[in-house]
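In: generate coordinates for the sequence data below:
(chains A, B, C and D)
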There are 2 protein chains.
Amino acid sequence: MDDVNIKKLAKDLNLSTSTISRAFRGNSDISQATKERILAKAKELNYQPNLYASNLREKKSKTIAVIMPELANNFFSQAVKGIERVARDNGYHTLLYVTDDDYQKEVGIIDDLSNGRVDGIIMSASGEANDHAYLGKLKKKKIPLVFFDRVYDDVDVAKVTTDDYTSSFEATRHLVEAGCKKIAFLVINKSLSIGKMRMQGYVDALKEAGIPFQPDWVIDCSNDREESIDIITKVLDTLRPDGLFAAVERLAMASYYACHQLGVKIPEQVKVISYSSLEIAPLLNPSLTTITQPAGDMGTEAARLLFKTLDAAEPAQVQDHLVLHSRIIQRRSTEKS
Amino acid sequence: MDDVNIKKLAKDLNLSTSTISRAFRGNSDISQATKERILAKAKELNYQPNLYASNLREKKSKTIAVIMPELANNFFSQAVKGIERVARDNGYHTLLYVTDDDYQKEVGIIDDLSNGRVDGIIMSASGEANDHAYLGKLKKKKIPLVFFDRVYDDVDVAKVTTDDYTSSFEATRHLVEAGCKKIAFLVINKSLSIGKMRMQGYVDALKEAGIPFQPDWVIDCSNDREESIDIITKVLDTLRPDGLFAAVERLAMASYYACHQLGVKIPEQVKVISYSSLEIAPLLNPSLTTITQPAGDMGTEAARLLFKTLDAAEPAQVQDHLVLHSRIIQRRSTEKS
DNA sequence: TTGTAAGCGTTATCAC
DNA sequence: GTGATAACGCTTACAA
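Out: Numbers count the residues shown, from 1 in each chain, chains lettered A, B, ... in the order given. Just a heads-up that it's a prediction; the model follows:
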């Protein structure tokens, strides 16, 4: 027998389809005896209620989507892992999408998701500079959205971020205290909210330290590793900084490569600090001082916020903005010489 | 207006639902004019065909599942990223599940998926030592499965792995050539096919070098980092190896920690080689010699195999076994002293 | 080219 | 406690 459905089961047991159905949902009245009979037969025939029929009836998919700019990266993969676990604990399934930081992909994915495929979405945004009107569609369809780490400030939904300004301020201060006077700020896209917040922390900490801020010490790097290495190499050559503050992990890696190649000694000649979720930062050469975001926790919190909305009887969009703290973990790369 | 469906659209346009439906699928006959009228109105009303109704009719979900033991790990996250991209390129959606290496979770997930939720599954197995009969359910429901990296040898489905035996043989030989005579093999679960293959390569390479194989030089470590560090510390203390061969990345990390703590110098006192997908292996202290699996490629190939099956008119289960090559990348951690 | 109507496999509402 | 029946929103013969 190929397709076992509720009808076949009903016929085999001389019962009605409604009774069968009842055996599978918790609530309804049904005698223990028949229920067991049904469940036994179901097991025998390998019957499982058709998911899409149920979804159609119930207008629920028990599925959420996670949209991330990147995955081959500790921060995002830890976060996704956390989200998936919470989702599963809540009986939900998790669809995964990776945008590769491409705004068009993000728009396409959201479009694909607004047909009811998912009950809710957790997203780390890719297209801050662009128009966000397309998200209105989700609101219309009452699909809740939770932003994760990279947010659109102009969109009013729940958000989970870290205290980028504060941690950046403290990281800069940490470099100053380690003796740095010429600190370059390495960033990939300073117009993103995250870049902006982190840069502001840097700027204000310099001010506090009485070091004049110079715009050309904000170094626009690239998503491409080789390109970033080139840029940083040039910076080391010309600006001769004594401190590098990498706004994202991959720029710390690029900095290490550039320094290794040039024979510039960390931390003797230049100190390095970076946002990073690398577990093995302590094992780098030299061990890297990091500002570590609680990636997994951010993920689980984002999922919790989403399920709070989904579970609410009155699905008023939750608009909490949760800010978790990042920790600076001091290691050799910023050691005072 | 809240719910726009095909009926409302039909009424608004004075057309039948079938005509509307036709406007949305490529094939059917429909005049260009009405099609455009429909599409325009659909856009205006923000209509999108209900996914679950279509799936129910067509008995297709255009969704695949990816089941991995872990995600916060470069190897798997790169692979998942590759899979997701190929899936999306093929118009498919990707459900993600993380088992945390828990066999029971794996069984539960497969169970959840055999109701037609997905058209196919890519899985890296978690429970080799256990019974695999539960996978029969998938076969019955004609849901194709592709194994990725960690396979069950007794299950006949398509597989993508790397040449574990060969690369392990070469890695061991590499240590021997670097002067090692007392090589410990660090493994998490030597009964897994991967552990077995890698161990066999180690054993045979020792034999080739005329070094007698001793079972107690195969060190069973743990998934828990601290525990592994303890175990390796003890090994360094008692067995005093001059070479460590880590069968998985996290054991290389644990080895580094253990050596750092004991003050054992790499590579002078002990050389280390490991399977690893860490991008920053070159930046470790000292840079780590790795056997690197083509994680992304493995993912995309697994996805291709799956879609080859899904696209086949006659859905005969493809049973190809694809073996990709790993590369040994030599760095400081195995340098000859 | 378009409309009619049956059905995909469930579940909810009523009866009994 | 159980059964008949009408949806859910869509697709597809078949008819017009």
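
In: show me which residues of the helix or strand hosting A:Ile194 are buried.
Out: Taking DSSP states H and E as the criterion, A:Ile194 maps to helix A:193-208. Of the residues in helix A:193-208, A:193-199, A:201-206 count as buried by neighbour count, 16 or more other C-beta atoms under 10 Å in any protein chain shown. Every C-beta, even on glycine, is put in place using the N, C-alpha and C of the backbone.

In: can you list contacts of that helix?
Out: Residues from elsewhere that reach helix A:193-208 (C-beta atoms under 8 Å, 6 or more residues apart in numbering or on different chains): A:128, A:149-153, A:161, A:164-173, A:176, A:183, A:185, A:187-190, A:212-213, A:218, A:245, A:247, A:275.

In: one more: stretch A:248-262?
Out: Outside stretch A:248-262, the residues that touch it by C-beta under 8 Å, 6+ apart are A:73-75, A:186-188, A:221, A:223, A:225, A:228-229, A:232-233, A:236-237, A:244, A:246, A:264-266, A:270, A:272, A:274-278, A:284-285, A:288, A:290, B:279-280, B:282-283.

In: got the domain boundaries for chain A?
Out: Domain segmentation of chain A under automatic domain parsing yields A:3-57, A:61-161+A:295-324, A:164-293+A:328-334.

In: rebuild the ones you listed as JSON lines, extending it with distance to B:Gly26 and mean pLDDT.
Out: Shown next, in JSON lines, are the domains of chain A (distance: least, C-beta to C-beta, whole Å; pLDDT from 0 to 100):
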{"stretch": "domain A:3-57", "distance to B:Gly26": "22", "mean pLDDT": "87"}
{"stretch": "domain A:61-161+A:295-324", "distance to B:Gly26": "17", "mean pLDDT": "92"}
{"stretch": "domain A:164-293+A:328-334", "distance to B:Gly26": "36", "mean pLDDT": "94"}
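
In: these into TSV, with extra columns for distance to DNA strand C?
Out: Putting these into TSV (distance: least, C-beta to the nearest atom of the strand, whole Å) gives the following:
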stretch	distance to DNA strand C
domain A:3-57	3
domain A:61-161+A:295-324	12
domain A:164-293+A:328-334	41
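
In: turn those domains into TSV, columns for distance to B:Glu106.
Out: Written out in TSV, the entries for the domains of chain A read as follows (distance: least, C-beta to C-beta, whole Å):
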stretch	distance to B:Glu106
domain A:3-57	17
domain A:61-161+A:295-324	12
domain A:164-293+A:328-334	25
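
In: any idea which of these gets closest to B:Glu84?
Out: Comparison of the domains of chain A against B:Glu84 by C-beta to C-beta identifies domain A:61-161+A:295-324 as nearest, at 5.3 Å.

In: so is that closest one next to chain B?
Out: Yes - among the residues of domain A:61-161+A:295-324, A:61, A:63, A:66, A:70-74, A:76-78, A:80-81, A:84-85, A:88, A:93-98, A:112, A:114-117, A:137, A:140-141, A:296 lie within reach of chain B under C-beta under 8 Å from any C-beta of the partner chain.

In: in helices, which of these appear?
Out: Those of the residues of domain A:61-161+A:295-324 next to chain B mapping onto helices are A:74, A:76-78, A:80-81, A:84-85, A:88, A:112, A:137, A:140, A:296, per DSSP state H.

In: and the residues you listed, which is closest to B:Lys308?
Out: Ranked by distance to B:Lys308 (C-beta to C-beta), those are led by A:Asp112 at 23.6 Å.

In: so what's the closest one up against?
Out: Applying C-beta under 8 Å, 6+ apart to A:Asp112 gives the contacts B:His93.
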